[in-house]
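After the sequence you'll find the predicted model.
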Amino acid sequence: MPFVRVALDVPLDRLFDYAVEAVTAADVGRRVVVPFGSRSLVGIVMAVADAPEDAGVAIKPVDAILEDMPALPADTLALLRFCADYYQHPIGQVVHTALPSRFRDIAPFHVAEALRYVATDAAALAAAIPARAVMQHRLVAMLAVPRSEAELRRVSGTAWKTVQAWMADGSVAVTRHEAAPIGDIVGLTLNADQTAAVQSIGSGKGFGAHLLQGITGSGKTEVYLQAIAAVLAAGKQALVLVPEINLTPQLEGRFRSRFPMVELAALHSSVADGERAAAWVKAARGEARIVLGTRLAVFTPMPALGLVIVDEEHDASYKQQDGLRYSARDMAVARAKRADVPVVLGSATPSLESWHNAAQGRYRHDYLRLRATPGAKPPAWRLIGTRHAPMTDGLHPMTVGAIAERLARCEQTLIFLNRRGYAPVMHCSECGWLAACTRCSARLTVHLREGRLRCHHCGWEERLPPRCPGCGNADVKPVGQGTQRLEDVLAARFPHACVMRIDRDSTRRKGSFEAALKAIHDGRVDILVGTQMLAKGHDFPKLTLVVVTGADSGLYSADYRAAERLFAQLAQVAGRAGRAEHPGEVLVQTDFPEHPLYQALLADDYDAFAQRELDERQLAGFPPILHQAVLRAEAAKLEEAVTFLRKASSLAPNVEGVTVWDPVPATMTRLANRERAQVLVQSHSRPRLQSMLAAWMLAMRQERAGKIRWSLDVDPLEL
Ligand code: ADP
Ligand code: ZN
Ligand code: ZN
């Protein structure tokens, strides 16, 4: 009797053998239902074997092999294995993370295949129809190319019946999607930089990584669209990844309207489970020729993959922060390499990892240097020194003047402050008391309107104390400025203006963010106060002024990536100012106008900034110059976590060129009543780090962790 090796969604790094009556190689990658303990689980067949791996144990039979989902093809299975090895994560959990959640359900799932109909000889058929049968002639004209049933039914109430009759006599044949034409695709006339980029990407032949660097509005999306057109014309599929927040209906619409004849599968979290699974199936069958999705879409099987695109490749949301801690950007590059197709990483502010790869010649560096729309200019930056300035309520007189100017011209202003709430600190000036979260190593944020103190890390809430809990002083005060306070300040300052705040608090209700965006678009808002929620992906034609405040904390942070993140954030928010006919201006209120980060923004010179950051990381020994992994542990007491990590470190194999640091408390030690610590591992050699981690994790999995929760993060974004 043959056996199947099955990947199950359990935290054990192994496959499970089951007996099966009959099985072929075609069943590899299929869903199976198997008994596991007292439960029935859905698994994926990873391999077929003649004998079980473990001869001594009793092997149970599979309950069923399901044929509803297209079997995961060999290249997808290989990518998932690579992912499991790279991130040291159990293969069963990797496989199940990569599947649409609907497929974890035992109930079968069916997606009708998209059939197309085409005339076997359109001219002969037309000749056989009487001239006055206008509707039939129109049908024949359509059937010159393959059409879907829905398209044909639209012609008239009896059209489908006619087509069926023609099918019966052989005049019309059924075809599969491969034959479907992509139609005439009309793109914009590219400028020189765009042309060079599209040409260098080519039409889907051979691996090559391309870093496409250009500011917002420089025409990156147009480059993607034309590179995709070439790939589609060659009969292939394109995979496009975008950060969650960027996958706006506008972007999806832009893709759909450029390729109206081509089926597009949208894969992101706001697509319902069933729809998402159906889109996935269509991509796996090759029917959907474009997959447009977020992080998880990187694992979608695509039999004719010809091109991979990662938009805003620097975005942190490509890295999953729990469970399988993978980077979709890095998996996209690995996938393109295995499939031997080009991959395009697009950004105004590339990650230092990608920028470094380009500088080393591993990626081709393509620049888009101008704004693509004729006549459009990049925004003008102005730095406003605030150190000895006469500030009122956190606003410089020049800022106030610039806002007033926009109001007079009926233009919009966006004030960017990446700190929600009323104030970050509640303070007693008598005894020095500060409102702190008892569950986290963090302060509580003042939410004045709700009369609450809130922890932005664990969600803890309490009433705003009327007097100091320390000394009874009634004069406890909110210190510092959050978006709520800024909103109040602006409303008082400009009583006739419509001020709107957009942050996670103001957009909690479903649909409220969309409603706010519409109000801005319709020009019903004069002044916007917002966090990074507003920084990405939205175009506001009447917005001509962006004011940045409270950004300095990113300049001197302990986190070595803080500056990189700040640059990206400010470049992105600046991109909101001035599209088309209205030139934009960006004012930055700062105590450090001479700081090189601001100077590089002013000069629109990301490369100068990136080179300087890279030099610093070289000196300090940080990624991307070397490679890191971090073993994290959390427990009720810090001592338990540290003891566990000390034990873990003693299991770490001694590999030359790999450094294992001593356990230390995490930057934010206490989170939601758990104490956290970590061990950092680093090496200049990725292969050495990889082999060390593999041996280490093998040893770790034999250990009993008890109540300690631990995880390994390879290429961590945060320490
Ligand atoms: P990005 O993705 O870099 O922000 P887009 O591709 O969205 O840039 O282009 C910005 C704007 O410029 C869009 O309105 C787009 O239609 C327009 N555009 C892009 N390329 C061209 C071009 N070659 N000629 C004219 N307009 C262009
Ligand atoms: Zn006090
Ligand atoms: Zn907390």
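Good, I have the coordinates. Ligands and ions are numbered 1, 2, ... in the order given.

only C-alpha atoms for contact and neighbour calcs from this point on.
Noted.

Pick out the residue closest to the middle of the protein.
Pro243 (3.0 Å; CA atoms, centre = their mean).

show me what contacts the closest residue to that residue other than its chain neighbours?
Leaving aside its sequence neighbours, Pro243 sits nearest to Thr294 (CA to CA, 6 or more residues apart in numbering; 5.6 Å). Shown in contact with Thr294 (CA atoms under 8 Å, 6 or more residues apart in numbering): Leu241, Val242, Pro243, Glu244, Leu247, Leu267, His268, Ser269, Tyr318.

Equivalent analysis for Thr531, please.
Applying CA under 8 Å, 6+ apart, one finds that Thr531 lies in contact with Phe416, Leu417, Asn418, Arg419, Arg420, Thr483, Ile502, Asp503.

From ligand 2, how far out is the first one?
Yep, that's Phe416 we're talking about. Taking CA to the ion, to the nearest Å as the measure, Phe416 falls 33 Å from ligand 2.

cool, the fourth one as well?
To ligand 2, Arg419 is 25 Å away according to CA to the ion.

Run through the residues of this structure sitting next to ligand 1.
By CA under 6 Å from any ligand atom, the part of the chain that sits against ligand 1 consists of 188-191, 215-222, 372-373.

Could you rerun that using 8 Å?
With CA under 8 Å from any ligand atom as the criterion, the chain comes near ligand 1 at residues 188-191, 194, 214-223, 347-348, 371-374.

out of these, which are buried?
By neighbour count, with 16 or more other CA atoms under 10 Å, the residues of the chain next to ligand 1 hold 190, 194, 214-223, 347-348, 371-372 as buried.

out of the residues of the chain next to ligand 1, which touch ligand 3?
Checked against ligand 3 using CA under 5 Å from the ion, the residues of the chain next to ligand 1 give no members in range.

all helices in the stretch 301-450 of the chain, in order from the N-terminus.
For the stretch 301-450 of the chain, the helices defined by DSSP state H, counting those that start in this stretch cover 328-339, 352-359, 397-408.

Show me what counts as buried in the top helix by length along the chain.
The helix that spans the most residues within the chain, counting by DSSP state H, is helix 686-702. Buried residues in helix 686-702, counted by 16+ other CA under 10 Å: Arg688, Leu689, Gln690, Met692, Leu693, Ala694, Trp696, Met697, Met700.

now Ala652, nearest residue through space, not along the chain?
Per CA to CA, 6+ apart, closest to Ala652 is Trp696, 5.1 Å.

The one you found and ligand 2: what is the separation?
Distance, Trp696 to ligand 2, using CA to the ion: 50 Å.

contacting residues for that residue?
Shown in contact with Trp696 (CA under 8 Å, 6+ apart): Leu651, Ala652, Pro653.

now Arg676
Applying CA under 8 Å, 6+ apart, one finds that Arg676 lies in contact with Arg632, Ala633, Glu634, Ala635, Leu638, Ala641, Pro665, Ala666, Met668, Thr669, Arg670.

Cross the residues of the chain next to ligand 1 against helices and list the overlap.
Those of the residues of the chain next to ligand 1 lying in helices (DSSP H): Gln194, Lys220, Thr221, Glu222, Val223.

Below-threshold pLDDT in the chain: ranges please.
Across the chain, the ranges flagged by pLDDT under 70 are 177-181, 203-204, 246, 537, 579-581.

ok, which residues in it are in contact with ligand 2?
Cys428, Glu430, Cys431, Cys468, Gly470, Cys471.

Would you agree the fourth one falls within a helix?
No: assignment of Cys468 by DSSP: H, G, I helix; E, B strand; the rest coil gives coil, placing it outside any helix.

Would you mind confirming that it makes contact with Ala435?
No: Cys468 is beyond contact range of Ala435, at 9.3 Å (criterion: CA atoms under 8 Å).

What lies in contact with stretch 415-423?
The contact list for stretch 415-423 (CA under 8 Å, 6+ apart) reads 445-448, 478-486, 503-505, 527-532, 546-551, 573.

if we go to 7 Å?
By CA atoms under 7 Å, 6 or more residues apart in numbering, the surrounding residues in contact with stretch 415-423 are 445-448, 478-485, 503, 528-532, 546-550.

Quick check: Arg701 vs ligand 3, distance?
31 Å.

buried set for stretch 390-400?
In stretch 390-400, counting by 16+ other CA under 10 Å, buried: Gly394, Leu395, His396, Thr399.

which residues of the stretch 451-600 of the chain fall in strands?
452-454, 461-463, 476-479, 499-502, 527-530, 543-548, 585-590 (DSSP state E, counting those that start in this stretch).

ok, now which ones touch the residue nearest to the centre of the chain?
Thr294, Asp315, Ser317, Tyr318.

Repeat that for Leu345.
Contacts for Leu345 (CA under 7 Å, 6+ apart) come out as His210, Leu211, Leu212, Ile309, Val310, Asp311, Glu313.

what's the helix or strand where Ala165 lies packed up against?
Following DSSP states H and E, one finds Ala165 within helix 159-168. Packed against helix 159-168 by the contact rule (3 or more CA pairs under 7 Å, 6 or more residues apart in numbering; DSSP states H and E) you find helix 149-153.

Let's see that with 8 Å instead.
helix 134-142, helix 149-153, strand 172-175 (3 or more CA pairs under 8 Å, 6 or more residues apart in numbering; DSSP states H and E).

Would you tell me which one of these is buried the most?
Among these, strand 172-175 has the highest mean neighbour count (mean count of other CA atoms under 10 Å), at a mean of 18.

What strands flank it, and is each parallel or antiparallel?
When pairs are called by DSSP bridges, strand 172-175 turns out to pair with strand 116-119 (antiparallel).

returning to that earlier point: now flag whichever of the contacts of Arg676 is closest to Ala380.
For the contacts of Arg676, the minimum distance to Ala380 (CA to CA) is 37.8 Å, reached by Met668.
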